[in-house]
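A.B. asks: need a 3D model of the sequence below.
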Amino acid sequence: MKERKLTKTQFKEAFKRGLGNSYIELKESNNREKYKDIVLWSCLHNTCYDMQCEGGRGIFLYNAICLFEDRGFFEEAIIQKFMQKNLDRWLFDQLCEILYLFSVDGSVRARESLYEKYNTTFGFLSHRVNRLEKENFEWLCVWLTSLDGFPAFKCIVKQLGEYSLRKRDTVDMDWFYSNAKNKFGDKRVDTFLQNNAIKSDYVKAFLNSVSHSTIQNRQSIDSPTLEELIKSSREKRSRGLALRFAKNASEDDLIKLAKYSIEETNLEIKVELLWTFRKVCFPLDEQYIFELAESDNQSIRDIAFEMMQHLPSDRIHDFVINLLKQKKELANALSLLCYCYKSEDETVLLEGIQSLTVSYDEGEWHGVFMCVEDLLDNRSVKVNPSVYIYIYRQTLCSYCRHTLIQGMSKRKVLPQEILEECLHDSYENTRKFAVRKLKKIT
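C.D. replies: Predicted coordinates:
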């Protein structure tokens, strides 16, 4: 295995991204203490870019903690943070997972802290706690059923049902319910609820609350008419309708919508009207799209670049290259370049993505990186592997990193060093992928 050495700054950047090379550096270091503050900081902050897709960093962080002799140092700091009120939802889940792992490894302190938080938050439910605290309470219930299994599920159901009856307040615990079905099986969960609802008012109250909410908020999936779309555009709530409209709209309706959007002077409404043409070709003069790209309004410019994706590649290539040379509309131009990419654009592409600011606050890099990753699926396009290695090291999204790794592997441009790092990546599916690939190699 190639020797890896990271500076402290490099380690921090790699660790907060969940990269496996940071774990290897920590494991092989003769002076782990110099990284202790970075590991703790990462435990007490949510470093995921999109936790809903990435699935959290709890195991990754806990594995790093276990490399230190004084695990109690981390445990106490995590418990102190965990006991605070109104924690960010995703950070709360991360802290729950780490304390769950401490508990599984035998920590009485961590287990007691999880149940103390449960009892405290449950006691606050009747005092009209905010939505965030209710969501965090549901996260905690999910982790407790992971820790103590079906007995914990039964106990929580009865307590929630008792609360619902006593306060005449419906408990919104649908995700807790669906998670239990995934965890223990539909038949076991529903059989318990239905059988016990007959003899327990508490279980009946819980069952009624989740049964009621599962049939709410259903929307029609019929395609909207042009008139409905225009009306919703004026109310600035048409984007979901626009995507459905684009699938089945007649050519005549698309032309009418295009004319209507040209005539609209309110820029916010114009964006809504143009939203359909992100998915289908604009049916009128394409020069109008290039005029939109020169607008003083960023939202108008953004949608214009998305509309250009449907134009012939030779029509947009020179336009994009010229923008990149001028360093104008960098993110939009790079994304569009991926729709008209030529082999000679390698240097322009690499220099462009290296110029993007990659941060949690600036999100433009994310869309660009995904567009560049899509080039891996086009076998006729040759892209220097250094472009993908750069994205692998820089992206803050471990889910996107996983899809990138898979694409690089199919293209046979995945270095052995990176594959070995992936054994310790923060994203579970990346770790599993690396295990499978390395088994085939050995």
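A.B. asks: all contacts plus neighbour counts: C-alpha atoms, from now on.
C.D. replies: Fine.
A.B. asks: by mean pLDDT, which helix or strand of this protein comes out lowest?
C.D. replies: helix 201-213 (a mean of 82; mean pLDDT, DSSP states H and E).
A.B. asks: next helix or strand past that one?
C.D. replies: Along the chain past helix 201-213, the next helix or strand (assigned with DSSP states H and E) turns out to be helix 226-234.
A.B. asks: for the record, mean pLDDT for that following helix?
C.D. replies: Per-residue confidence for helix 226-234 averages out to 91 on the pLDDT scale.
A.B. asks: in PDB, could you pull the C-alpha coordinates for it?
C.D. replies: The C-alpha atoms that make up helix 226-234 are tabulated as PDB, following Å, rounded to 0.1, in the frame of the first residue of the first chain:
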ATOM      1  CA  LEU A 226     -52.200  25.000 -19.800                       C
ATOM      2  CA  GLU A 227     -54.700  27.200 -18.000                       C
ATOM      3  CA  GLU A 228     -54.000  25.500 -14.700                       C
ATOM      4  CA  LEU A 229     -50.300  25.900 -15.200                       C
ATOM      5  CA  ILE A 230     -50.500  29.600 -16.000                       C
ATOM      6  CA  LYS A 231     -52.800  30.200 -13.000                       C
ATOM      7  CA  SER A 232     -50.300  28.400 -10.700                       C
ATOM      8  CA  SER A 233     -47.400  30.300 -12.200                       C
ATOM      9  CA  ARG A 234     -49.000  33.600 -11.200                       C
END
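A.B. asks: the inter-axis angle of the helix or strand that comes right after it versus helix 226-234?
C.D. replies: Using DSSP H and E, the helix or strand that directly follows helix 226-234 along the chain is helix 239-248. Orientation note: helix 239-248 sits at an angle of 150 degrees relative to helix 226-234 (axes from the mean of the first three to the mean of the last three CA atoms, to 10 degrees).
A.B. asks: return the set of buried residues in whichever helix or strand comes after helix 239-248.
C.D. replies: Moving toward the C-terminus from helix 239-248, the first helix or strand encountered (DSSP H and E) is helix 251-263. By 16 or more other CA atoms under 10 Å, the buried positions in helix 251-263 come out as D253, L254, L257, A258, S261.
A.B. asks: next one: stretch 21-40
C.D. replies: Neighbour-count burial for stretch 21-40 flags N21, S22, Y23, I24, E25, L26, K27, Y35, K36, I38, V39, L40 (criterion: 16+ other CA under 10 Å).
A.B. asks: one more: stretch 167-182?
C.D. replies: Residues of stretch 167-182 classed as buried under the neighbour-count rule (16+ other CA under 10 Å) are T170, V171, D172, M173, D174, F176, Y177, N179, A180.
A.B. asks: hang on, the earlier thing: which residues does the least confident helix or strand of the chain contact?
C.D. replies: Residues lying outside helix 201-213 but in contact with it, judged by CA atoms under 8 Å, 6 or more residues apart in numbering, are 157-162, 164-165, 170-174, 177, 193-194, 196-198.
A.B. asks: can you tell me how far the residue nearest to S113 when sequence neighbours are not counted is from F92?
C.D. replies: Nearest residue to S113 in three dimensions, chain neighbours excluded: I79, at 6.9 Å (CA to CA, 6 or more residues apart in numbering). Noted for I79: a distance of 11 Å to F92, by CA to CA, to the nearest Å.
A.B. asks: I'd say D425 and G58 touch.
C.D. replies: No. Shown here, D425 and G58 do not form a contact pair, counting by CA atoms under 8 Å, at 11.7 Å.
A.B. asks: neighbour count for the two, which is higher?
C.D. replies: For D425 and G58, the more surrounded residue by other CA atoms under 10 Å is D425, and the numbers stand at 28 against 21.
A.B. asks: show me where this structure dips below the pLDDT cut-off.
C.D. replies: 1-4, 126-129, 211-221, 442 (pLDDT under 70).
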